[in-house]
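K.L.:
sequence? don't have it. structure:
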């Protein structure tokens, strides 16, 4: 790809603008790189907050009996941990990557709507305040699990209302962010950058943003109905009034299943950038990756009730949802095959981004397999709401999405900061994360198979050993994440200077601009051949 | 950037300078959310916070949209920016479609699945022996007295006619704009707004009628729930659409828009037609069948 490097020599207009400094620079910025950095820092902060909640849960579960928190607080912890990790940590992390990298990858000067981009970010802190602040109100935070099922959610206190409005604000933020992303990808590509020439990360975000725009409003509708059931006397989810609590579950999971892919698909995108770079080979089966990702997105709309096998459903419905769910394994298999085939006979090196990507590849696939197990109705009836489910989705969310986010962070840190990160510390971070992650979650498969229910602060003695291992693993995992913070801070402060293209196998327009990327890039669009 | 560029000449994609509008909007929504939570839980001061949030929100929208109109008239937007606006408005309307889909889904679910389920032998034996799978239905434990559902061929039919006509007048106004016939444009816009206002007035009248004489309330079981949720959110969208039309009329009176460059007008027209289509669906599934 030939490109005109978008350097500082194009700063024609911006010098006339008033540029606030200090805190106001960040509050008012319309620069996609600034906003991307804010997203990434915010998501890491929320990751720590949600992580501390997870550690409260694991501390309570360290041994049988009630020691650390009372059961109601325990439920509040599981609820907020879920909401914060999904909406506060993982989604904003990938939106941060999108903000930083999409304009650089497609050769655009910025996002399509720079002011709205700022608003998308600055809606997150109010929502975070509402969510975490609800811990302090009478009755405490929502304690229903992150899925906010009625009738529990119709009965709870003021904390529930705060959670509902937080979800509304988060929804507005992610819909605006996604409209921005779709528009940027469809309209801001440099001349010659056809859709099928885009780096796969752009494709995955195009598809993800479409999913967000399609399903976040549905979640908004669902929680709005909870709100009116709570305060305005409606009966959507009340059987006595002719409604049905199961209706909520259907609407929620119509949002909730695509949401899983909203988290996973950008992770696929990051890995699809990193693996070719460190295999020194182009991505195997680019077109099939695009089609597979699109298929996954479309299928994600028609499989939602596999979260609800035990709620009562006709057998025909169970069979349909079972087979439709299993169908998703086909495009996912295509992707895994392509990643492996990309590495096949590649000239591999194992820097930290590659390590996290390979960790992703193994563990995400494992999470996919346990998902396949859970897709079988007859099996799920046994495993529903057990620790097997907890293990399954943490393999997908942590070893899938989080590991991929780390891969991306290490991969692009030189571009963002202009310095190489500390490779030794990066590798340490990876190996600690890998070991402690498996220590925490692998044993939860056994706990679930043995029948330990999720979201319960106490358990019978037979589960004590595995819970102890899991809790130790969780604290190890939590502490290991501080290594990442050290790496990033060190990298910001200094370190070996990074060249424009620090990875010799890396491809794409983002490597044609200097490191660190100047404040404004590609104001004159590059021409892509 | 100087304002001498015509839309076709603006050389680069316009990236606005740092702005305080977004943070103003965030504070507004935070106050709005907090105020709503306090009000709904009957905590004193809630109404004040809620009102403050709405005021800040309206202020933010006024200055932000005002700035966008000014930038557009100043020729800062290249053709490509215009394409961005088109994509974004389309996707925004798609998100609105999905928002309504949740409530339509609730209606269909209640009618097709929940009603027969509650009236099944199993439930009758365990819970409510008198449960009936009829629609409209306020649920087996409803005790608010008899209610009469709103008939389709009174006010709702008139309202359908009003909205369909407003779609025609808006298109007529658009043709006026395209042929640089400003009189037709102004008259068409005015008529559209007037039709929208009459629609809203009749909708309000219908609500009052439903509450005072038909005994259909939000508390009238699942029927009242879906009725008010769907028609209420639709009415809210008509209000928003009519407000946007008023803004567009003001801009037209201020001399904005040209036959070539008027996406602000078109975006509002798209929105208005979307609200129209939602009403048609509402009319059929909420009032008629």
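P.N.:
Received, thanks. Note that the structure is predicted; figures quoted are calculated from it, not measured.
K.L.:
look at the residue nearest to residue B:149 when sequence neighbours are not counted and give its secondary structure.
P.N.:
Spatial nearest neighbour of residue B:149, excluding adjacent residues (C-beta to C-beta, 6 or more residues apart in numbering or on different chains): residue B:136 at 4.6 Å. Heads up, the C-betas are built off the backbone N, CA and C, glycines and all. Here residue B:136 is recorded as coil under DSSP: H, G, I helix; E, B strand; the rest coil.
K.L.:
residues near residue B:136, how many?
P.N.:
21 (other C-beta atoms under 10 Å in any protein chain shown).
K.L.:
was I right about it contacting residue B:150?
P.N.:
No: between residue B:136 and residue B:150 there is no contact under C-beta atoms under 8 Å: 9.4 Å.
K.L.:
which secondary structure element contains the residue of the stretch 51-200 of chain B found nearest chain A?
P.N.:
Using C-beta to the nearest C-beta, residue B:102 is the residue of the stretch 51-200 of chain B that sits closest to chain A, at 2.7 Å. Under the criterion of DSSP states H and E, residue B:102 resides in helix B:79-109.
K.L.:
mean confidence score for that helix?
P.N.:
The average pLDDT within helix B:79-109 is 97.
K.L.:
the helix or strand immediately after that helix in the chain and chain A in contact?
P.N.:
Using DSSP H and E, the helix or strand that directly follows helix B:79-109 along the chain is helix B:115-118. Yes: Helix B:115-118 lies within reach of chain A by C-beta under 8 Å from any C-beta of the partner chain, at B:115, B:117, B:118.
K.L.:
how much space between the last one and residue B:280?
P.N.:
So the one you mean is residue B:118. 30 Å (C-beta to C-beta, to the nearest Å).
K.L.:
the residue nearest to residue B:149 and residue B:225, how far apart?
P.N.:
Here the criterion is C-beta to C-beta. By it, residue B:136 lies 11 Å from residue B:225.
K.L.:
and the pLDDT at residue A:103?
P.N.:
On pLDDT, residue A:103 comes in at 97.
K.L.:
wait, isn't it in contact with residue A:521?
P.N.:
Yes: the pair residue A:103 / residue A:521 is scored as a contact, 7.2 Å apart, by C-beta under 8 Å.
K.L.:
which neighbours do those two share?
P.N.:
Common contacts of residue A:103 and residue A:521, defined by C-beta atoms under 8 Å, 6 or more residues apart in numbering or on different chains, comprise residue A:109.
K.L.:
please identify the helix or strand for the residue of chain B most remote from its centre.
P.N.:
What lies farthest from the middle of chain B is residue B:125; by C-alpha atoms, centre = their mean that is 43.3 Å. Assigned by DSSP H and E, residue B:125 belongs to helix B:121-126.
K.L.:
now do the buried residues in that helix.
P.N.:
Within helix B:121-126, the residues scored as buried using 16 or more other C-beta atoms under 10 Å in any protein chain shown are residue B:123.
K.L.:
following that helix, which helix or strand shows up next?
P.N.:
Per DSSP H and E, helix B:121-126 leads on to helix B:155-178 as the next helix or strand towards the C-terminus.
K.L.:
how far away from the center of its chain is that following helix?
P.N.:
In terms of C-alpha atoms, centre = their mean, to the nearest Å, the centre of helix B:155-178 is set 16 Å apart from its chain centre.
K.L.:
then stretch A:206-213?
P.N.:
That offset, for stretch A:206-213, works out to 13 Å (C-alpha atoms, centre = their mean).
K.L.:
near chain B, anything from that stretch?
P.N.:
Yes: counting by C-beta under 8 Å from any C-beta, chain B has neighbours in stretch A:206-213: residue A:213.
K.L.:
quick one: mean pLDDT over that stretch.
P.N.:
For stretch A:206-213, the per-residue pLDDT averages 98.
K.L.:
so what touches that stretch?
P.N.:
A:94, A:174-175, A:177-179, A:181-182, A:185-186, A:258-259, A:261-262, A:265-266, A:293-294, A:297, A:300, B:91, B:94-95, B:98.
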